Structure formats: C-alpha cells, structure tokens
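Colleague: structure of the sequence below:
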Amino acid sequence: MIPLRHELIRASAGTGKTYQLTLRYLQILFATQEPEKAIALTFTRKAAGEFFEKIFRRLADAAESPKNAALLGGDLGLTVTVDQCRANLRLLLERLHRLQLSTYDSFFTRVVQTFPFELGLAGPPTLLDDDQRVQAILRAQQALSRRTQLDEPFLREFWHACKRASLGAEMKTITEVVTRFILENQALFFDASAPECWGTSDRIWEGGCAWACGDLDLAEEARRLQDALDWTALAEPQVLFWRELIAELSTWRPPIEMPKRTKYFLGQALPCFADLESGTCTINVNRKKQVLAPAVGASLKRIVQFIAWTIVHGKLEVTRGIFDLVRLFEEIYRHEVRLMGQLTLEDATRLLCGGPTHGRGLADPEMRDLLGYRLDGSFDHWLLDEFQDTSRVQWRAVSDLIDEILQDPEGRRSFFAVGDTKQSLYGWRGSDPRLFDEIHDRYADVLHVRELNKSYRSCPAVLAMTNAVFGQKETIAELCTPALAERWAGMWQEHTSADHLANQPGFSCLLHAPENDEPCFETVLGLLKELSPLEKGLSVAVLTRKNDVAEALVEYLRTNGGPPCSLAANVRPGTDSALAAGLRSFLTVAAHPQDTLAWNHLRMTPLGMPLEERHRTAAALSAHLLEIWSEQGLVGLADEWIRLCHGILATDDAFNRGRLESCRRAALALEARGETDIDAYVRQLGSLELRENDTPGQVAVMTVHKAKGLDWDVVILTDLAGNTLLQRRDGLEVHRGGDGEILWVLDMPASDIAKHDSVLGARIAAAQEDAAFENLCVLYVALTRAKRGLYVVTHPGKPTSANFHRLLDETLGAKPHDLTIGDTTFCSAWQHGNAAWISTLGTPVRVDHAPAALPSISPEQQVSVLRPRARRPSAGEIRKIPGRTLFQRSTDQRDIGIAAHEALSRIEWLSGDEANENAAIETALAGTPASAAEAIRRLFASDEIRQAFRAPTHEVTLWREKPFELLSGDQWISGRFDRVVIRRNRASGGDEATVLDLKVHAEARDSEALVSQYRVQMDLYRAALAELLGIDPKRIAAYLLSTTASSGAPARLLPC
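Modeller: You can find the predicted model right below:
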C-alpha cells in the first residue's frame, strides 16, 4: 500500500480546497481499494454533494481517455491507466451505499441511531425539525408548570431562581422565563454544567474580588462626605454637582437604576480608584478640575467600592439564577423529550461527546469498539472540510477516534483536514478557529502542514485590494489590537493568481457614496446599470452584512428600474402567498369548524363562493374534509386544496404552483415520520422554511455569510456601516482555558466598572479581540468572492471610528477622485486595474436552453389539454342590490340563507298529520337563528309546499344538500342541489325527477321577476341532473321555494 501522510492544509479563499479533498479521496481509493474505509465530513449538504460529484467526474473523465488518466496520475503522483480508472469507478458504484461522504450532522445522527440504548435513550431516536423542537419545548414548559403546581419545594426553588435571574423583576409567565433565560443559554449549560462555573467569585478572582466589601449605609456615608468637603473652596458649579450627589445618595438604594449624578461621579472616580485617598487625585466636577482631599477621597472611595460591589455581586447572583433556571428546565426537558429519543442535531452531537448532561460518549473505549462493529467496519481515513468552522463539541465527538489514527504506529491509517482560519464566520454558533492551531501544535510531530495561497478564482486586479487591506499589520493593530494584528499576520500570506489568470483583465475599486445616499443603494443601482454585467453573460452578486439590508436592496432595485435580481434567502412557502394562507385556513376549518376567523377568511378567497355553495357551512366542509383525511391522510387534504386552486391558477403561474408543491411535500414529510394530525400540519406550514437557490441570469443579492464558498464574475460589496470592529456580542461572558474548557461564566456588569477590574477588563479585551477577528474574517470572505470585478461601496471613514469604512480608507490610502464608468461619474477613493475591462469582452455566446423539438402529432392524434371553463349554476343569478342596504349594520342575508338551507336539509319527509308535521319542523329548527327559522316556518305555512314535502306512496330516491361536479362539453359545472326527488317510473319506462331550490329574500318579490332571475341557474340544475341520471331533461320538473326572512309575504312554489 502507498503510505498516506497525515496532512493539515491551510487553504486561502479560491485556492482549491475541494480539489485537494478530491485528490486525497482518490489517493485513498487507488492505494487501498476500500473506499468505504474513508469518511469525509463537511458542514452542508451542498458541499458534500459537490465533493461527491467531483470525485466521480474526475474518475469518469480519467476512465475515458489515456490523456485524462495520465493527468490524474500526475496529480496523484501515481501511474494511472484507463483500466484502473474504470475498475475503481465500478468499485465506487458497487459500494455506493457504503460510502461516507456526508455532513457532520448526518454522521452524528447515524451513529446515535446505531446504538440508542447504550447512549441512554428509551428507544430509536427521532430527529426533531424546527417545528417539532418548538412543540417539544412547549411540552416541557407544560410539564414545568405542572411540577410547580404539585411540588412545593420545586416551586420555591424555581421562584427563587427566577428572582435571582431577573434581579427581582416580576415575570408574568413561564413562557417568558423560558424564552428570556433558558433557551438562549441551554447550549452554554451543556458546555459548563458544573455550578461552580457560574457566577462563583473565587473562580473568577483567584485572589478575591477587589470590589468586595461589607454593607454600607449610603445615606450615612453621604453625610460624612458632606462634612469632609471644603464647601468654601468650591466653585458654584461644583457645589451644585456635589449637593446633587449627596441628595441622591440619601435616598437611592441598589438595584434601582442609578441616578444621573451618582453615575457621573462613578465614571470620574473609577479610573483613579486606587489613588482616591492619596490627597493628589484630581477629577473633573462640572467641567472644573478638583483635587480631592484625603477625607473626601476616602469617603468617595467607600461609596464607589460599595456601589461597584453591589453591582458585581448582583451580576454574580443573576448568573447563578440563570444557571438554576436552565438546570431545573433541563431536568424536565431531558425526561420529557431527550430520553424519549426526540433529539435535535445538537443533542445527537453531544450524546457522542458524553459528559454530565449526556452520559457516555465515544470517549468510552467500549463505545468506540461498538461503533466500528455496528457501522460495518471502522474508518481508517478521515477527511475533514472547513476545519476552521468545527466547534469544540463536534471535535470532542470524534477526537478520540482521530487520536487513535494519528497515533497509529503501523501507518495504515490517515488524517486529512483542510480549512482557512481567515474564513471563520461562525463563532456565534460555537465554532472556534483556535482549534485549528491547537490541533497543529498537539500533533506537530506527525502532521504535515501545507499553505495554499495561489488563487484559481480571482485575477490580479481583484487580489490587489485583498492584499492591500489585509497585509497592513500596523493599521490592523491601530484599529483593533496589537495582539490581533500579530495573530492575523501569522495567518496571512500574499495572495497570487494562478498562471492562467495572471494576464486576465479585471478591476477593483473603493467607491465613496454621496452623503445623501445613506444605504448606498443609489450608487449600487448606478453601478449595475453602467456595468450591465448580465448583458455580457457575466454572473454578478451584491453582498451585504445583514439580511434586512439585502431584502431592502432587492425591493429598491425592483422598484427603481434595476436589473432582474433574486434574494438568496430562506423562503417560507407556507406563509408567503395568498394560496398558502388559504390552505392554512382550509385545514383549520377541517379540524376546527367552529373557528370563525378561518372560515370567514376562506369565504373571502376566490374559492370561497364555490366552497360555500357546495358545502353551505363550515361544519359541512369539515365533515367532507375529514372524510378525505380519514381515507387519504394529510396529503389527501393538500391534494384537495391543490385541485381546487388549479381551477383559478394560470398555467404559467410558476410561483404559486411551486408554493403549492412545497406545501404538499411538507405533508409527505410529516406522514413519513408517522404524523397525521391536521393541527401539526398547520404548524408545520407556519414554520416551514426552504432555501431558495439563485436564479441564473439575475443579480444575486445575499449576505456575506450565505456567499461563503460561492463566487461570481462581478461582486459589489455594500452595507459596511456600523459600530466599531471591537463590538462584542451581547449575552453572558464566557472565559475559557487553554484547552477550550469553560472556566467561568458571568453576566458582565456595565463596562465602566468591568473595564476597571483587572480580571473582567482582560475578559472584555479578549472578547473584543474575538469580535474584531470575526469582523476581519467577514471582510476577507466578502473581498475574495469576485473573479474579475470587485466594487466596494461605502461612505468615507471618520478619523475617530474604528470600523470597516476607516479600515478600508487607511489600508488602501484613500484619495477621492472622479471615476467614470459608462456615462456616470463615481467618487473613487482607490482603484486597481482597467475600469473599462467589461467593454473589452466580446459578445457572449448565447446558449439555447430550449428543449429539443418533439415529433409532430397529427390533428387526429391531438387531444385538447385546455382546462374546462368552470361554471357554477349560481353564477347565472341576476339580481340588484338596493343601495340603502350596502352599509347596513345588520345580519348578513347570506348567513340567513345558509342557516335556512341547513335547517331545511334536516327535514326528510312530512307525515301528513299537521300536529306531527309542526313538531318535526320545530325539531329541525332547533339552534337555527331566529330570522332563518321564521323564513322556514313561513315556507311551511303554504299548503302547496307542505304537500311537496310529504312522503310519497311510491318508490323514490331523495337527495338533500347533494354536491356535484360534472364535466359537460367544455364546461366544468360545480354546484349543490338543495332537494331532489327521483321517481322510479317503470310503467313509462324511464325515471322522473323534481328539483326544489330554496330562495330566502329580505322582502317580498314579484313571482315573474323571481323566475326570470333564477331561470339560467335552474336550467343548469336541470341539465346537470339529466346528465347525472341519464334521462331526458324534459322529464325533470324544477321549482323555486321562495320565502322571506322578515316580511309578512306568503311563501310560494314557483315552477321554472
């Protein structure tokens, strides 16, 4: 076997890390003939798919010709033949199901599924998606609430923890507690589950906290300060400030918000705290310097120390309170959710790490042996992609397995990792770029390290800006910290273009937007119009730092005549269209017909009228949908909605059709995991998020984080305004040891106190350095996405600001001057290359993506695929609405009609006995609104109508509220019969039928006018019934049952 050395590659942007991974995998394949013994892990399915594709493509190309085989052999350092390539390609295909090219998450999940019982789970695990995670948290909250009601000691402990965490502030609900304190700190709790790590003074200050002191009566100390001051020596403005301070101290008590003047003196005294009682300490008091007498300084020092300690001690209590809240919640969540096998991706990873909160992991030798046995063989070769983004939790999950490989004395196994610490963007979610250097140092004697700085992406003009910005150690030290500048310089090497790009024309520049172009959108739009990269067949992207800016920019470009653009962001197909909103109401009515909001929303949609005519009420629609659900499940409900929507959608409406298909796939996914609850489907649609891919031929607008790993011919970078590069993240401050383990956690006090404490000040400085490092990484990733054109649009940097604007201006030596691109003049502060490089490009070759021509079909073979014209019988109704009724605040006439129809449908036949008939009618009217009930009573006051409802003596079939769908010619007829009586007439040799249709009016109407108004509708009913029964329309009688809801006019039976 060819020996494979352990390698760690630092691959700068565009230098071909995927190429290196592909070669390494092929080296293993040719050397071992056991591809299943190699495991390659990355962070996204897209990256894993790209890696998989390139392996097969490279091998397939080499299997096609000796020339390609020789090229592959040269890269691998082997003699490679076509036959070998074909044999290895066949081998990969045969063992495809055993290949391990995946994401970290999928690998960890597979391992947990392999031995759930050994990891302490009650059964095979289920991976929770975002919606299920929310529901799991809700169940845990409910269990927590029950526990507080049943367990008084637990209630006292939980209440005390809430008080400490909130510094005594009242919180109204458990949901507020869980959201505010628990969820955002749960991962931190797993990393530091020992209580002594949280807010323990001795753990933070090994020699004791310098602020620690006993209790102090501030009012009494204020009197001592008043007596110590030499009031005659003070200027009037100073007297004013001192008197205000003394008055505040006489009444103020922490933790109430600190008064204004007390805060002022605290800020003046903290910088010289150690010298306050020396007699030489000078502070500013109302813009005048004052030397403090020893007695005044001593009193002020006691006040400052007590206030500082009160604040620090309060933060220690808050931190311990947060720990207790998370601990109590985690105790319940673990039993309610995690031990039941319901895991998040993070849970799966932590189970493999083991520890106090997750039991045994792969650190246990027995577990590692089980892994190799149950995964059908151990892994001899590990390939890790984007190693700088690996979190310590992920590394701990596999570190023992990799440690065995790196210390293997036989040299049969290998380790390979590639990454770039300059592209570390995910510190906020746990990745730690220092891990890269730690692994390098720990295994320095066996690891071979390579640096890759030759770009196969960017031309020299683009790299000129990157080199100019990031090669300035002195400027980085000035704007960030000297320590960070040293750290960055240790990673940085000048970037060069590959030989085939060395003479490629390109351009990079720093543009200053006008002051009135605050978000820089106008300048970005001007650039896009003048460059017109899409017309030259070039790919182009506009990058921002924040999602909301990207969304606003897309809206601006679309409304101001910009080129076509797409927002590369997560889309919400279950909520971002009217059809999706309608589907959620459709499903809600199915599960909860009493939900009037959902029903009324559904009625207001374009599908509302046909649904209402066919089903009349929400209850009837619910019954119909529940029948579909019982037979076809959630997918059946989705299909029913899609079927209804297709009748109103244009054939070229790709957006809405795509959204409907996404909603249907969500139903399939729910059913695949055994979930059939309609409410769960509604929740799933409400939280459903999908990543929308870039659209070719459009300007891609996205954040820098989403752009990582991608490239374009032209990149415009904007949205660089903001705070200092040293702006640290909010939240609990975490201090780690050299091995990355957490030493202490603290809810940091205000910076004016913390920065004057040696321990807390050092922690803040370290956090600021980490923030500045991540900001430099963001800028580095942004500046290395372009192949040929890089345009950075900012405002001029201010001399006092330590932000991106000033960093760019100073590193590039900004000298504003006019730059003409096309017909527009821009303000350029720096540029390199040929500004007119795009004009040197020829006309792009247009690739025709039209599908291949299909054989022609003869007219007699052709089948019409035109959608039938939808028609409803009620559409033929002609009526006038009196203007006086338009805005009346009264019961809706349609609601009265619906209630009347529902009541009438409950009457099957009348007996012929008037007393019994009246009783049957009143029974049918139970629960019916008064106006509708009165209309039905008036209906049956007519002897002629009563007779039509009496049971016949011969054989009949009765339909009540019968919906129908009928394709007649090129028309799709959809409706509902109120009442149909079908008579079997054997003597005449054919059936006969009578259609009765109820009409409820607000006031009396002329009979002839009524018949004329509804003639078209009744003719459609007659035609539809004739086709459904297969009889002559002449054998069908049709009548209107006309009644009123309020007037005294009699009801009538009107033939049509």
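Colleague: count of neighbours near residue 230?
Modeller: Residues contacting residue 230 under the criterion other CB atoms under 10 Å number 9. Every C-beta, even on glycine, is put in place using the N, C-alpha and C of the backbone.
Colleague: I figured it hits residue 294, correct?
Modeller: No: counting by CB atoms under 8 Å, residue 230 does not reach residue 294; the two are 11.9 Å apart.
Colleague: ok, and what's touching stretch 680-694?
Modeller: By CB atoms under 8 Å, 6 or more residues apart in numbering, the list of residues contacting stretch 680-694 from outside reads 130-131, 134-135, 566-575, 580, 583-584, 587-588, 591, 634, 637, 662-663, 666-667, 669-670, 675, 700.
Colleague: please flag which of these sit within helices.
Modeller: Among the contacts of stretch 680-694, the residues falling in helices (DSSP state H) are 130-131, 134-135, 580, 583-584, 587-588, 591, 634, 637, 662-663, 666-667, 669-670.
Colleague: from these, list just the buried residues.
Modeller: Buried members of the ones in helices among the contacts of stretch 680-694, scored by 16 or more other CB atoms under 10 Å, are 131, 135, 580, 583-584, 587-588, 591, 634, 637, 662-663, 666-667, 670.
Colleague: sort those by pLDDT and name the bottom one.
Modeller: Ranked by pLDDT, those bottom out at residue 131, which has 76.
Colleague: got a list of what that one touches?
Modeller: 680, 683, 684, 686, 687, 688.
Colleague: next one: the nearest residue to residue 977 once chain neighbours are set aside relative to residue 587, how far apart?
Modeller: Take residue 977 and drop its neighbours on the chain: the residue closest to it by CB to CB, 6 or more residues apart in numbering is residue 962, 4.6 Å away. Using CB to CB, to the nearest Å, residue 962 is found at 25 Å from residue 587.
Colleague: what's the spacing between stretch 275-291 and its chain's center?
Modeller: 54 Å (CA atoms, centre = their mean, to the nearest Å).
Colleague: buried set for that stretch?
Modeller: 276, 277, 281, 283, 285, 286, 290.
Colleague: just stretch 730-742 next, same as before
Modeller: Buried-residue list, stretch 730-742, by 16+ other CB under 10 Å: 732, 733, 734, 735, 736, 742.
Colleague: span of that stretch from start to end?
Modeller: 18 Å (CA to CA, to the nearest Å).
Colleague: same check on stretch 567-583?
Modeller: 25 Å.
Colleague: residue 543 belongs to a strand?
Modeller: Yes: assessed by DSSP: H, G, I helix; E, B strand; the rest coil, residue 543 belongs to a strand.
Colleague: so which helix or strand takes in residue 383?
Modeller: strand 381-384 (DSSP states H and E).
Colleague: partner strands of that strand, with direction?
Modeller: Using DSSP bridges, strand 381-384 pairs in its sheet with strand 38-42 (parallel), strand 414-419 (parallel).
Colleague: the helix or strand just after the last one packs against which elements?
Modeller: Sequence order places helix 434-442 as the next helix or strand after strand 414-419, per DSSP H and E. For helix 434-442, the elements it packs on are strand 6-11, strand 447-452, judged by 3 or more CB pairs under 8 Å, 6 or more residues apart in numbering; DSSP states H and E.
Colleague: domain assignment for the protein?
Modeller: 6-123+347-452, 126-340, 460-568+697-740+754-840, 571-691, 871-1055 (automatic domain parsing).
Colleague: okay, those in a markdown table with distance to residue 747 next?
Modeller: Compiled in a markdown table, those are given as follows (distance: least, CB to CB, whole Å):
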| stretch | distance to residue 747 |
| --- | --- |
| domain 6-123+347-452 | 18 |
| domain 126-340 | 5 |
| domain 460-568+697-740+754-840 | 6 |
| domain 571-691 | 31 |
| domain 871-1055 | 55 |
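Colleague: among these, show the one with the smallest mean pLDDT.
Modeller: Among the domains of the chain, domain 871-1055 scores lowest, at a mean of 83.
Colleague: burial count for the residue nearest to residue 502 when sequence neighbours are not counted?
Modeller: Spatial nearest neighbour of residue 502, excluding adjacent residues (CB to CB, 6+ apart): residue 460 at 6.6 Å. Neighbour count for residue 460, taken as other CB under 10 Å: 20.
Colleague: buried subset of the contacts of residue 131?
Modeller: Buried, going by 16+ other CB under 10 Å: 680, 683, 684, 687, 688, out of the contacts of residue 131.
Colleague: state the pair within these that is farthest apart.
Modeller: 680 and 688 (12.1 Å; CB to CB).
Colleague: still on that earlier bit, who wins for proximity to residue 931 among the strands paired with strand 381-384?
Modeller: Smallest distance to residue 931 across these (CB to CB): 67.8 Å, for strand 38-42.
Colleague: with just CA atoms, put that closest one into CSV.
Modeller: Taking Å, rounded to 0.1, in the frame of the first residue of the first chain, the C-alpha atoms of strand 38-42 are listed here in CSV:
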residue,chain,number,x,y,z
ALA,A,38,-12.7,6.6,4.2
ILE,A,39,-15.0,9.1,5.8
ALA,A,40,-15.3,12.7,4.6
LEU,A,41,-17.2,15.3,6.6
THR,A,42,-18.3,18.8,5.8
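Colleague: tell me which residues of the helix or strand following that strand come out buried.
Modeller: Reading on from strand 38-42 to the C-terminus, the next helix or strand found by DSSP H and E is helix 45-62. By neighbour count on 16+ other CB under 10 Å, the buried set for helix 45-62 is 47, 48, 50, 51, 52, 54, 55, 58, 59, 62.
Colleague: dump the C-alpha coordinates for stretch 893-912 into PDB.
Modeller: C-alpha atoms of stretch 893-912 as PDB (Å, rounded to 0.1, in the frame of the first residue of the first chain):
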ATOM      1  CA  GLN A 893     -78.600  37.900   4.200                       C
ATOM      2  CA  ARG A 894     -76.200  35.200   3.000                       C
ATOM      3  CA  ASP A 895     -75.800  33.900   6.600                       C
ATOM      4  CA  ILE A 896     -79.600  33.800   7.000                       C
ATOM      5  CA  GLY A 897     -79.900  31.800   3.700                       C
ATOM      6  CA  ILE A 898     -77.100  29.400   4.800                       C
ATOM      7  CA  ALA A 899     -78.800  28.700   8.100                       C
ATOM      8  CA  ALA A 900     -82.200  28.200   6.400                       C
ATOM      9  CA  HIS A 901     -80.700  25.700   4.000                       C
ATOM     10  CA  GLU A 902     -79.100  23.800   6.800                       C
ATOM     11  CA  ALA A 903     -82.400  23.700   8.700                       C
ATOM     12  CA  LEU A 904     -84.400  22.600   5.600                       C
ATOM     13  CA  SER A 905     -81.800  19.800   5.000                       C
ATOM     14  CA  ARG A 906     -82.800  18.200   8.300                       C
ATOM     15  CA  ILE A 907     -86.400  17.500   7.100                       C
ATOM     16  CA  GLU A 908     -86.700  14.200   5.200                       C
ATOM     17  CA  TRP A 909     -90.400  13.800   4.800                       C
ATOM     18  CA  LEU A 910     -93.600  15.100   6.500                       C
ATOM     19  CA  SER A 911     -96.100  12.600   7.800                       C
ATOM     20  CA  GLY A 912     -99.400  14.200   6.700                       C
END
